[in-house]
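Q: coordinates only, sequence not included:
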């Protein structure tokens, strides 16, 4: 089937086309132009009334699914229910390709365990009600032998598309002190002091094994053709080690010096969009905006808050930090390139798969429609009659009984 999206503000990799059109045929973008399509009278079309047409957002790292499965410590919701809710949430935020960041770390932080990852992978592979594309970003904690063994079993599955190497031992990376680690674990999981002591003892005992485990993970991932990312780099020296290992992605560098070193080495540097939105890191690390202004950030991810992605790119463009195409590339083309998918998705170009989103600013960006593979999977009703509001609840105090025959 062929159809047209017309009268759009089309954001291309290098420019913006006003009053543009995009032709879609058999799920792919077949042509792009401005003004009237020569065959518009004979092809079904949708007038976007000037709204922005962007490539679908590609999010390489978001652990929001964990909160949907475990909204409170000790409370778990069925994975199928959480996955469906996540899919609706992601589409409403414009995310058409999600890499769910799932951790293998001996269940140190809530549901982060090999059991949860295995069950989630099973649901992704067997349930086909989702509108977005869902993949797994396997995060492996180097202190976890169980996590290492679980990763080995997962590799080769078509939905596992990215591996990252983590070391959350206190004294480096995200947790510069043991007190910071203890406070985070206690706050997010409700674990007791004794339980946190056990986690720390396990991490200390595993330190001597970490270098060999890193080599093993990289070897396995390379064998399966998977990209590997480092995590929470804090020094140029640590970055240099990853470059020697052949790692080409750096996510969440915690210092500007580390981000600069990774960028200079040709690594694809990623940071969190919530960091930009809030103007600071939640952990006291380098501001992502500072790193963007320094020109050392290649891609942004939702981290834990999918709605941050669109808001951030328009703010970056509005303040003149980046052009709109360059800002959009942070959450579409650049992450696609980092994981080797840029020949398929991530930009509006002829031949690419038609993963597209229609966005209107009101003034914050609102996703109106989403197309995945040229198929409409999400529509938001723009014109909704508001309920009258007089300062009191609009419903009467006493409702009539339901009608019955």
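A: Structure received. Note that this is a predicted model, so its numbers are computed, not measured.
Q: can you pull the buried residues of stretch 293-302?
A: Buried residues in stretch 293-302, counted by 16 or more other CB atoms under 10 Å: 296, 297, 298, 299, 300, 301, 302. C-beta here means a position set from N, CA and C on the backbone, and glycine is covered the same way.
Q: quick check: pLDDT value at the first one.
A: This points to residue 296. Note for residue 296: predicted pLDDT of 98.
Q: isn't it up against residue 268?
A: No. If you go by CB atoms under 8 Å, residue 296 and residue 268 don't touch, sitting 10.9 Å apart.
Q: name the nearest residue to residue 242, sequence neighbours excluded.
A: Leaving out its chain neighbours, the residue that sits closest to residue 242 by CB to CB, 6 or more residues apart in numbering is residue 230, at 4.5 Å.
Q: closest one to residue 208 out of the buried residues of stretch 293-302, please.
A: Lowest distance from residue 208 to these (CB to CB) belongs to residue 301, with 32.1 Å.
Q: tell me which residues touch the closest one, please.
A: When contacts are counted by CB atoms under 8 Å, 6 or more residues apart in numbering, residue 301 touches 59, 60, 61, 62, 251, 270, 271, 272, 273, 309, 331, 335.
Q: and it, what are its bridge partners?
A: Listed by DSSP bridges, the beta-bridge partners for residue 301 are residue 272.
Q: measure it to residue 254 for me?
A: To residue 254, residue 301 is 15 Å away according to CB to CB, to the nearest Å.
Q: which is the next helix or strand following the helix or strand residue 200 falls within?
A: Assigned by DSSP states H and E, residue 200 belongs to helix 193-206. Counting by DSSP H and E, the next helix or strand C-terminal to helix 193-206 is helix 210-223.
Q: what helices and strands are in contact with that next one?
A: Packing partners of helix 210-223 (3 or more CB pairs under 8 Å, 6 or more residues apart in numbering; DSSP states H and E): helix 145-154, strand 160-166, strand 228-231, helix 236-245.
Q: and the pLDDT at residue 183?
A: Reported pLDDT for residue 183: 67.
Q: bridging residues for the residue nearest to the spatial centre of the chain?
A: The geometric centre of the chain, computed from its C-alpha atoms, lies nearest to residue 59 (CA atoms, centre = their mean), at 2.6 Å. Beta bridges link residue 59 to residue 98 when assigned by DSSP bridges.
Q: contacts only, for it.
A: 90, 95, 97, 98, 99, 301, 302, 306, 309, 331, 335 are the contacts of residue 59 under CB under 8 Å, 6+ apart.
Q: next one: residue 367
A: Residue 367 neighbours (CB under 8 Å, 6+ apart): 91, 92, 93, 94, 310, 357, 358, 359, 378, 380.
Q: and residue 277, helix, strand or coil?
A: The assignment at residue 277 comes out as helix when based on DSSP: H, G, I helix; E, B strand; the rest coil.
Q: you'd agree it is up against residue 311?
A: Yes. Taking contacts as CB under 8 Å, residue 277 lies within contact range of residue 311: 6.0 Å.
Q: separation between the residue nearest to the centre of the chain and residue 219?
A: Counting by CB to CB, the separation of residue 59 from residue 219 is 27 Å.
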